[in-house]
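Engineer: Give the three-dimensional model of this entry:
(2 chains)
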Amino acid sequence: MKRMIGQRAAASFLALLGLVVLVFFLSRLTGDPAALYLPIDASQEMLENFREIHGLNDPLLVQFGNYVTDLLRLDFGESIRKARPAIDVVLEAFVWTLQLALITMALVTVTAVVLGSLAAFRVGGLFDRLTSLISLVGASAPDFWIAIVAIVLFSVQLGWLPTSGTGSVWHWVLPVAVLFVRPFGLILQVVRGSMISALTSAYVKTARAKGVRNRPIIFVHTLRNAMLPVITVIGDQAAAMLNGAVIVETIFGFPGVGKLMIDSILQRDFNVILASIVVTALAIFIMNLLIDMAYAVLDPRIRY
Amino acid sequence: MTDHLLEVQDLSVQFHSAAGTVNAVNGVSWHLDRGETLAILGESGSGKSVSASAIMNLIDTPPGEITQGRILFEGRDLLTASAEERREINGCRIAMIFQDPLSHFNPVYTVGWQIMETLTAHGRPKEEARSRALELLHRVGIPEPKAAMDRYPHQFSGGQRQRLMIAMALGLQPDILIADEPTTALDVTVQAEVLALLEELQQQTGMGLLLITHNLGVVAETADRVVVMEGGRIVERGTAREVYHNPRHPYTCKLIAAAPGKGEMRDSALSGEPLLRLEKVSKSYGTFTALKGASFDLRAGETLAIVGESGSGKSTLAKTLLRLEEPSGGRALWEGEDLFAKTPRQMARVRRQLQMVFQDPTQSLNPRMSVFDLISEAWVIHSEILPRAQWRDRVLQLLSQVGLQPEHAARYPHQFSGGQRQRIAIARALALEPKLIVCDEAVSALDVSIQAQVMDLLAKLREELGIAFIFIAHDLPVVRDFADHVIVMKNGKIVEQGTVRVIFDNPREPYTQRLLAAGLDPDPDVQAARREAREALERRAPMQEPA
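Structural biologist: As a prediction, the model looks like this:
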């Protein structure tokens, strides 16, 4: 297990390095921040001064060298826009995204697994057809549309929930609910399919021949076996959410890392772009590691 | 009105599918009493397992439907009982064990937990379940029962897993044990041990044993009475002796005639330069040596059988000499040239002379290729053999050679039965006009009557084409009827080799003697004598089961 973690960490470090190189140079292609931050009639001197302060006058390779040396000291540089350390800006936003992703994925996992398992037990039954329909709609409806409809209905028409922002528990309801829909539909389908094939396994026959009741057959015998492919999809969906739910965050004015990334690209806030890439990449690496460990916990035949 | 412990009366089960309705069993009746063993004998598709599934409420409805009949357990009809009543009977009063215990154990729970579950599912407290499970593990002969409780199914050998399965079934001392092909996947020596264990437990507990099998030898060894099934109907019934010695139905006669091991043994008088000479061939995987210095000669047209239990290295030997696995040492001289020294390009040229037929034709035939494509692919690779214009005729010729019809060329593997698929695999091997065909358990997965047909085909090809065979098998009677020479392997080593007559009539090595003694003869009287011989051997030196 330790060896597996070491190997993954080494591979991820290389990938991260490649990502930093790519993003560093690509972001420089978007243009000169000075033109964006200074007034349109700023003098040549002012422009030079701005570039000097932010280290934009050096040749590109020197800038890159400086950036990497700073990075090794865990210094991600300053945000041009906020005049604060870029990493602080990113971590602040990332905490919001992390909470949003964790809450949503926890709800998705529990509901999709329970409903999917029950649907699989009576394939073609009313409950199965109902959940299949709901999950199909959920997996295929665009989230911006759901978000807007939800705001119109619950905030504007009924006035039950705030339209956007943060502050109270109620502010979380709509973003979580909208983010919930698509992964719920997808994971429910995977759980159902995986459970259907697991329920035809020989060991289920054995359990029935032993006189085991239906509920433990579903939730003890079959579910643990059926979870392996499900976990892969859960990880995949969680990774997408950790990258920031750009659309949902934008619509609900939610200060997460997705919104921050888009803003930083538009504002040519290079250090913030890079810092958010590094932070989310690390988060995804850790999550993939957790998923591999979950495999080993669920299935004793898997050993690293 | 009935005195029997379990009685199936006029049972009919249908399965509905898009392709139509299949009558799996049709008006089947039989009964089982305390302390006796009833065998249901039949080939695949005969419906032999269906009545057992009906007893255990394991038939899914739909697609299954029980259209008529009664299943009386102690006089009470199970088919009209509630689901909860039947659940209470399952595992507690009637228990079942299956073929292939690996897939019938849940892979993610410990065996201790799974054995205990038989008791806890019926409301017994956990502590009682634990001590009973330990006792059972001890009883069925699992070494270190305490440690075994916390291990997972994949950590045991095939024979041990079947013992564990038996332990799991016996948790609550059921009145009836149903065993569905309990020894089919096991080596002969392990098969004999498992059957002996079942019998011993039956004598102690007085349970009724229902044994479902395709193997006449298993019937001869264990059954008091037997019913023979074909196409969902019972065609013959009686005591095991009566049925074997005086079969009345043609199907029973055919089954008994098809059982291998009764023909003349071959006396080969081949001499001259060997076609293939193996010198101290070895193969290691990491620190594990799967093959330890194997040497033998094979002459053109000769049939060499390699026998041994699973894990003895017989398949490794075949794969290594064909360089499907890279050898770790030794030489394999094919017509005087070392196969192991050849470059991949040179090897590809030689390969057409060395062909292989595998155990499972369902897996060895690409399901997306038609029979024509499967057979003619050989000529795509070795284009020098046959110009494209003649492919069609040659494929048809090969098909008729292996007993298939011309119209089969356009069909796909799934449209054939298991025996027909193996014929296709043989035709594919013949397409390259090989001098040697390696058959790795090529008839093991087939029903006895089909097996006999395929063996006849191989013998015919041997006579007509002079092909040499390396015939890997665990089924000794088949080897006895087919081989010229026999190699006996154990733990990666050749322990004995000789002509088929020497090996079968005068085996020197105790291992070979045990292997032969463990084989089951379809004749109940012969089997009874053989059993005494085996027990005598056991008393001299108890057999250790490989871990």
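Engineer: from the chain's centre, how far out does the lowest-mean-pLDDT helix or strand in chain B sit?
Structural biologist: Least confident helix or strand, chain B: helix B:524-540 with a mean of 80, by mean pLDDT, DSSP states H and E. Centre-to-centre, helix B:524-540 and its host chain are 22 Å apart (C-alpha atoms, centre = their mean, to the nearest Å).
Engineer: Ok, stretch B:209-229 next?
Structural biologist: Counting by C-alpha atoms, centre = their mean, stretch B:209-229 comes out at 15 Å from the chain centroid.
Engineer: Please identify the buried residues of that stretch?
Structural biologist: By neighbour count with 16 or more other C-beta atoms under 10 Å in any protein chain shown, stretch B:209-229 contains the buried residues B:209-223, B:225-229. Any C-beta I mention is one placed from the backbone N, CA and C, and that applies to glycine too.
Engineer: again with stretch B:63-83
Structural biologist: Buried, per 16+ other C-beta under 10 Å, within stretch B:63-83: B:64, B:66, B:69-73, B:78, B:81.
Engineer: among those residues, which are in strands?
Structural biologist: Secondary structure from DSSP state E places B:64, B:66, B:69-73 of the buried residues of stretch B:63-83 in strands.
Engineer: Dump these to CSV, plus distance to chain A.
Structural biologist: Listed next are these as CSV, based on distance: C-beta to the nearest C-beta, whole Å:
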residue, distance to chain A
B:G64, 13
B:I66, 16
B:G69, 20
B:R70, 21
B:I71, 15
B:L72, 19
B:F73, 14
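Engineer: quick one: the helices in chain A?
Structural biologist: For chain A, applying DSSP state H gives helices covering A:2-28, A:33-37, A:44-53, A:60-72, A:86-121, A:126-140, A:143-150, A:170-199, A:202-209, A:214-216, A:223-242, A:246-251, A:257-266, A:270-298.
Engineer: Which among the ones you listed is found nearest to chain B?
Structural biologist: For those, proximity to chain B was assessed by C-beta to the nearest C-beta; helix A:202-209 is nearest, at 4.1 Å.
Engineer: near chain A, which residues of chain B show up?
Structural biologist: Within reach of chain A by C-beta under 8 Å from any C-beta of the partner chain, chain B has these residues: B:56-58, B:87-92, B:95-96, B:98, B:100, B:103-109, B:117-118, B:121-122, B:152, B:154, B:165, B:168.
Engineer: one more time with 6 Å, if that's ok
Structural biologist: Within reach of chain A by C-beta under 6 Å from any C-beta of the partner chain, chain B has these residues: B:56, B:58, B:87, B:90-92, B:96, B:103-106, B:108, B:118, B:121, B:152, B:154.
Engineer: quick one: which of the residues you listed is nearest B:V402?
Structural biologist: B:S103 (32.0 Å; C-beta to C-beta).
Engineer: remind me which residues of the chain are low pLDDT?
Structural biologist: Just going to use chain A. Applying pLDDT under 70 to chain A picks out residues A:244, A:304.
Engineer: Oops, wrong one, chain B.
Structural biologist: B:1-2, B:269-270, B:540-547.
Engineer: Most distant residue from the centre of it?
Structural biologist: Going by C-alpha atoms, centre = their mean, the residue of chain B most distant from its centre is B:A389, 41.6 Å out.
Engineer: separation between that residue and chain A?
Structural biologist: Distance, B:A389 to chain A, using C-beta to the nearest C-beta, to the nearest Å: 47 Å.
Engineer: ok, back up a step: nearest to A:A239, out of the buried residues of stretch B:63-83: which one, please.
Structural biologist: Distances from A:A239 to the buried residues of stretch B:63-83, taken by C-beta to C-beta, are shortest for B:G64, at 43.2 Å.
Engineer: If you count contacts, what does the helix or strand where B:L210 lies end up packed against?
Structural biologist: Element membership for B:L210, per DSSP states H and E: strand B:208-213. Helices and strands touching strand B:208-213, as assessed by 3 or more C-beta pairs under 6 Å, 6 or more residues apart in numbering or on different chains; DSSP states H and E, comprise strand B:37-41, strand B:176-180.
Engineer: which residues of the stretch 1-150 of chain B fall in helices?
Structural biologist: Counting by DSSP state H, counting those that start in this stretch, the stretch 1-150 of chain B has helices at residues B:50-55, B:83-89, B:101-104, B:111-120, B:126-139, B:145-149.
Engineer: would you list the ones you listed in JSON lines and tack on distance to B:K262?
Structural biologist: Below are the helices of the stretch 1-150 of chain B laid out as JSON lines (distance: least, C-beta to C-beta, whole Å):
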{"stretch": "helix B:50-55", "distance to B:K262": "31"}
{"stretch": "helix B:83-89", "distance to B:K262": "43"}
{"stretch": "helix B:101-104", "distance to B:K262": "31"}
{"stretch": "helix B:111-120", "distance to B:K262": "41"}
{"stretch": "helix B:126-139", "distance to B:K262": "38"}
{"stretch": "helix B:145-149", "distance to B:K262": "41"}
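Engineer: which stretch among the ones you listed comes nearest B:R421?
Structural biologist: helix B:101-104 (22.0 Å).
Engineer: what packs against that closest one?
Structural biologist: Helix B:101-104 packs on helix A:202-209, helix B:158-169, going by 3+ C-beta pairs under 6 Å, 6+ apart.
Engineer: For stretch B:19-29, which residues meet the burial criterion?
Structural biologist: Neighbour count says stretch B:19-29 has B:23-26, B:28 buried, by 16+ other C-beta under 10 Å.
Engineer: Contacts for that stretch, please.
Structural biologist: By C-beta atoms under 6 Å, 6 or more residues apart in numbering or on different chains, the residues outside stretch B:19-29 that reach it are B:8-15, B:47, B:50-51, B:232-234.
Engineer: ok, back up a step: for A:L91, which of the helices of the stretch 1-150 of chain B is the nearest?
Structural biologist: helix B:111-120 (44.3 Å).
Engineer: Just the CA atoms of that closest one, as PDB, please.
Structural biologist: What follows is the C-alpha trace of helix B:111-120 in PDB, where atoms were taken according to Å, rounded to 0.1, in the frame of the first residue of the first chain:
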ATOM      1  CA  VAL B 111     -15.500 -17.800   5.100                       C
ATOM      2  CA  GLY B 112     -16.100 -17.800   8.900                       C
ATOM      3  CA  TRP B 113     -18.600 -15.000   8.500                       C
ATOM      4  CA  GLN B 114     -20.300 -16.900   5.600                       C
ATOM      5  CA  ILE B 115     -20.600 -20.100   7.600                       C
ATOM      6  CA  MET B 116     -21.900 -18.300  10.600                       C
ATOM      7  CA  GLU B 117     -24.500 -16.600   8.500                       C
ATOM      8  CA  THR B 118     -26.200 -20.000   7.900                       C
ATOM      9  CA  LEU B 119     -27.000 -19.900  11.600                       C
ATOM     10  CA  THR B 120     -27.500 -16.200  12.200                       C
END
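Engineer: Please enumerate residues in contact with that helix?
Structural biologist: So helix B:111-120 is contacted by A:210, B:91, B:129-130, B:132-133, B:149-150, B:153, B:164, B:167-168, B:171 (C-beta under 6 Å, 6+ apart).
Engineer: who in the stretch 101-250 of chain A is up against chain B?
Structural biologist: Residues of the stretch 101-250 of chain A lying close to chain B by C-beta under 6 Å from any C-beta are A:202-203, A:205-206, A:208-212, A:221, A:224-225.
Engineer: how about a cut-off of 7 Å?
Structural biologist: For the stretch 101-250 of chain A, the residues in contact with chain B (C-beta under 7 Å from any C-beta of the partner chain) are A:202-203, A:205-206, A:208-213, A:221, A:224-225.
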